[in-house]
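# okay, predicted coordinates and the sequence, questions at the end:
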Amino acid sequence: KVVCQNLLSTIGDTTPIRRLSLEGTPTTPLTTCEDSNTFLIVYNEDMTAYDKMESPRSCRTVNDCKSVCATCEIPEGEEVGICTNECEEPVKLCQVHTDCNQENECMVCDTESNMCKNGCERVEYLESSGTQYIDTNWIPNASGRIELSGAYTEVGSSYYSTGYYLFAQHGGTNARFNIGQYTSTLTTFSFDVTSANRMTDYPLDINKHIFGINAHTKQMFIDANVYENPSVADFGSTTYTSYMFARNVSNVAGAFSKAKIYYCKIWDNGTLVRDFVPVIAPSGQACMLNRVPEDGKLKLYCDMGGGTFKTNKD
């Protein structure tokens, strides 16, 4: 009790002390002392109390940010930025892994401290060899918009012989939502089945780009280059989901790409529904983590094909 009282008198309301109980998640600091106290002190790596999660951490790349929920925001013209946390990772006590991953599939139980911890490692990209793909579990629609940062590592002689899609879905009525290779020299973007709404005049290369499609505004873009054709038909309807690194044709994967994807964001009617970032999962498998909760959970999306994704760690 004396130790507890000394700590409280020293640091007052900013105490990092939390109740240690396996019966529930500690949510408030300990403010009173009893004759017998069991308590836990939680600090960040920079020795600030856990309650001060907003304390800034400098970064040059997102890999400098420890949390899979963090991004590195670098002001224009500067080389160093600040890590910003985009989703909560609360302190939670545990006995087994399932005590932790009810809200975040990256979370595992550290059996030494009986505390949940992040078991995912953020990496720069996922790289496919031509057999892997990820099902985004997102069905494109007339209000859909995507943004994807990627780069081919190899291109084929033509679309017809090899395919090579970074993001694609075929199937349904006037419903095509694709980013991929068109010929040996051109990139294709399309969001319906008419050739009039397929943009194919951008040179194909193996450099890193930011690609995008907005079905609502009938625009496609690659970096700062925007293409639009407002006269074409609206996006129709489909029941098939979109794949990364391949094309979904009626729930069959094909036209696999050899490429790197750094991130992928998907919006429905202006609402962000997928915010994919590459991670190494607790299992050791390279996957994408969706940082937007689905049914209250942050979910991992892993390979549905064959082989193993590479990362910048390989």
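Thanks, I have it. Being a predicted model, the structure only gives us computed values, none of them experimental.
# test my guess that Cys33 contacts Ser9.
No. Using C-beta atoms under 8 Å, Cys33 makes no contact with Ser9, being 9.9 Å away. No exception for glycine: its C-beta is placed from N, CA and C like everyone else's.
# so Leu126 bridges to which residues?
Following DSSP bridges, Leu126 is listed with bridge partners Ile261.
# contacting residues for it?
Listed by C-beta atoms under 8 Å, 6 or more residues apart in numbering, the contact set of Leu126 reads 245, 260-261, 278, 286-288, 309-311.
# same list (those residues) but as JSON lines, adding secondary structure, distance to Arg145 and pLDDT.
JSON lines is the format used below for these (DSSP: H, G, I helix; E, B strand; the rest coil; distance: C-beta to C-beta, whole Å; pLDDT from 0 to 100):
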{"residue": "Phe245", "secondary structure": "coil", "distance to Arg145": "20", "pLDDT": "94"}
{"residue": "Lys260", "secondary structure": "strand", "distance to Arg145": "22", "pLDDT": "96"}
{"residue": "Ile261", "secondary structure": "strand", "distance to Arg145": "17", "pLDDT": "96"}
{"residue": "Pro278", "secondary structure": "strand", "distance to Arg145": "21", "pLDDT": "96"}
{"residue": "Ala286", "secondary structure": "strand", "distance to Arg145": "26", "pLDDT": "97"}
{"residue": "Cys287", "secondary structure": "strand", "distance to Arg145": "23", "pLDDT": "96"}
{"residue": "Met288", "secondary structure": "strand", "distance to Arg145": "18", "pLDDT": "97"}
{"residue": "Phe309", "secondary structure": "coil", "distance to Arg145": "25", "pLDDT": "96"}
{"residue": "Lys310", "secondary structure": "strand", "distance to Arg145": "29", "pLDDT": "96"}
{"residue": "Thr311", "secondary structure": "coil", "distance to Arg145": "27", "pLDDT": "95"}
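# which one among the residues you listed gets closest to Ser113?
Checking the contacts of Leu126 against Ser113 by C-beta to C-beta gives Cys287 as the nearest, at 25.2 Å.
# distance check, the spatially most central residue of the chain against Thr61.
Nearest to the mean C-alpha position of the chain, counting by C-alpha atoms, centre = their mean, stands Phe276 at 2.1 Å. Counting by C-beta to C-beta, to the nearest Å, the gap from Phe276 to Thr61 is 18 Å.
# next one: Cys116
Applying C-beta to C-beta, the value for Cys116 to Thr61 is 26 Å.
# who has more neighbours, the two?
Using other C-beta atoms under 10 Å, the more surrounded residue of Cys116 and Thr61 is Cys116, with 25 against 11.
# tell me if the more buried one really is in a helix.
No. Read with DSSP: H, G, I helix; E, B strand; the rest coil, Cys116 is strand and lies in no helix.
# hmm, it is touching Val108, no?
Yes. Assessed by C-beta under 8 Å, Cys116 is found in contact with Val108 at 7.1 Å.
# overlap of the contact sets of those two?
Counting by C-beta under 8 Å, 6+ apart, the contacts common to Cys116 and Val108 are Cys100.
# which stretches of the stretch 1-150 of the chain aren't confidently modelled?
Low-confidence segments of the stretch 1-150 of the chain (pLDDT under 70): 7-8, 10-32, 36-57, 66, 85-91.
# got the residue ranges for the helices in it?
With helices called from DSSP state H, counting those that start in this stretch, the stretch 1-150 of the chain shows them at 2-11.
# all good on my end, thank you.
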